[in-house]
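[1] based on what follows, work out the 3D shape:
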Amino acid sequence: MNLETIFIIAFAYLVAAFVKGATGLGFSTSALPILALGLGLKSGMPLVIIPSLVSNLIVMRQAGHFGETLRRFWPMFLATIPGLLLGLTVLDLIDSLVAGAILGVVLIVYGAFTLFRPGRPLSDRLGRKLAPVSGFLTGLVNGTTGSQVMPILPFVLALRLDPKRFIQAINISFTLSSLIMALGLAKLGLMTADSIWISLAGLVPVYVGTRLGGAVRQRMGAESFRKVVLMMLIVFGVVLVGKSALGSFAL
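    Numbers count the residues shown, from 1 in each chain. Below is the predicted model:
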């Protein structure tokens, strides 16, 4: 690799890891646009799996409450698996750029509406009933569009958990989805030995960025954290719509 390629990968990892540390989400969504512009989407996708998993584990360790969160949300996590498998099947039948654009619009509208007109929080009873539905739909959307945040992010956000429990729940879901996606990319021949070595070398900027972001997050109150997450949701939507527009233009 030349120096330019190394810089692009390191920069993408550092920026995405900082966002991940500060908000608990967004590594793949933040890294992929940079990698896609510099290297191409197919080359960039396998490069985010290992760093994403490592950043997930760092954030999960910082957040704590792993056993408690797993016991509370295991039906949601379990339901993600068949949803993801079905989503990967659907991906072969539709235009992924169109699916991504639709998801982006949903993210923007939901994030903006909730940011300026906060809804009522879900009760624990209703939350437990809707958890498997949220997990299945999240897997379906993830397999179809590559995005891991809908509808699990707004669902868990509506439960008004404290930031640490929120982050733990989201990142367990992200980790499970990333593991299944890694198997899928390997089957497609995109997860190669070269991509694994590059990802392992990139763990240094991932660790630094995640720790810096985590230090910022520790200084935020619950309401400030909620607003930052919603603003990130809007940014994700803009990225997805922009990615679709650029892809259509290229075609």
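[2] got a pLDDT number for F66?
    F66 is assigned a predicted lDDT (pLDDT) of 91.
[3] low-confidence stretches in the stretch 1-150 of the chain?
    Along the stretch 1-150 of the chain, segments meeting pLDDT under 70 span 1, 37, 41-42, 91-92, 95-97, 99-100, 113-114, 117-120, 145-146.
[4] show the average pLDDT along the helix of greatest length in the chain.
    Under DSSP state H, the helix in the chain containing the largest number of residues is helix 222-250. In this model, helix 222-250 has an average pLDDT of 72.
[5] now whichever strand or helix holds M60, how far from the centre of its chain.
    M60 belongs to helix 49-63 when elements are defined using DSSP states H and E. Relative to its chain's centre, helix 49-63 lies at 11 Å (Cα atoms, centre = their mean, to the nearest Å).
[6] in PDB, list the C-alpha atoms belonging to it.
    Taking C-alpha atoms only, helix 49-63 is exported to PDB below (Å, rounded to 0.1, in the frame of the first residue of the first chain):
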ATOM      1  CA  ILE A  49     -15.600  -5.600  10.600                       C
ATOM      2  CA  ILE A  50     -12.700  -6.300  13.000                       C
ATOM      3  CA  PRO A  51     -12.200  -2.600  14.100                       C
ATOM      4  CA  SER A  52     -15.900  -2.300  14.600                       C
ATOM      5  CA  LEU A  53     -16.000  -5.500  16.800                       C
ATOM      6  CA  VAL A  54     -13.000  -4.200  18.800                       C
ATOM      7  CA  SER A  55     -14.500  -0.800  19.300                       C
ATOM      8  CA  ASN A  56     -17.700  -2.400  20.400                       C
ATOM      9  CA  LEU A  57     -15.900  -4.500  23.000                       C
ATOM     10  CA  ILE A  58     -14.000  -1.400  24.300                       C
ATOM     11  CA  VAL A  59     -17.200   0.600  24.700                       C
ATOM     12  CA  MET A  60     -19.100  -2.400  26.200                       C
ATOM     13  CA  ARG A  61     -16.400  -2.800  28.800                       C
ATOM     14  CA  GLN A  62     -16.600   0.900  29.700                       C
ATOM     15  CA  ALA A  63     -20.400   0.800  29.900                       C
END
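[7] packing partners of that helix?
    Applying 3 or more Cβ pairs under 8 Å, 6 or more residues apart in numbering; DSSP states H and E, one finds that helix 49-63 makes contact with helix 3-23, helix 27-39, helix 163-188, helix 193-201, helix 203-217. The C-beta positions use only the backbone N, C-alpha and C, and glycine is treated the same way.
[8] relative to helix 203-217, how tilted is the fourth one?
    Same thing as helix 193-201. 40 degrees (axes from the mean of the first three to the mean of the last three Cα atoms, to 10 degrees).
[9] okay, helix 193-201 in CSV with CA atoms only?
    Provided in CSV are the C-alpha atoms of helix 193-201 (Å, rounded to 0.1, in the frame of the first residue of the first chain):
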residue,chain,number,x,y,z
ALA,A,193,-6.1,-12.3,4.6
ASP,A,194,-5.0,-8.9,3.4
SER,A,195,-8.1,-7.2,4.8
ILE,A,196,-7.6,-9.0,8.1
TRP,A,197,-4.0,-7.9,8.4
ILE,A,198,-4.9,-4.3,7.5
SER,A,199,-7.7,-4.3,10.1
LEU,A,200,-5.4,-5.7,12.8
ALA,A,201,-2.8,-3.0,12.1
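[10] residues contacting it, please?
    Helix 193-201 has contacts (Cβ atoms under 8 Å, 6 or more residues apart in numbering) with M1, I9, S43, P46, L47, I49, I50, P51.
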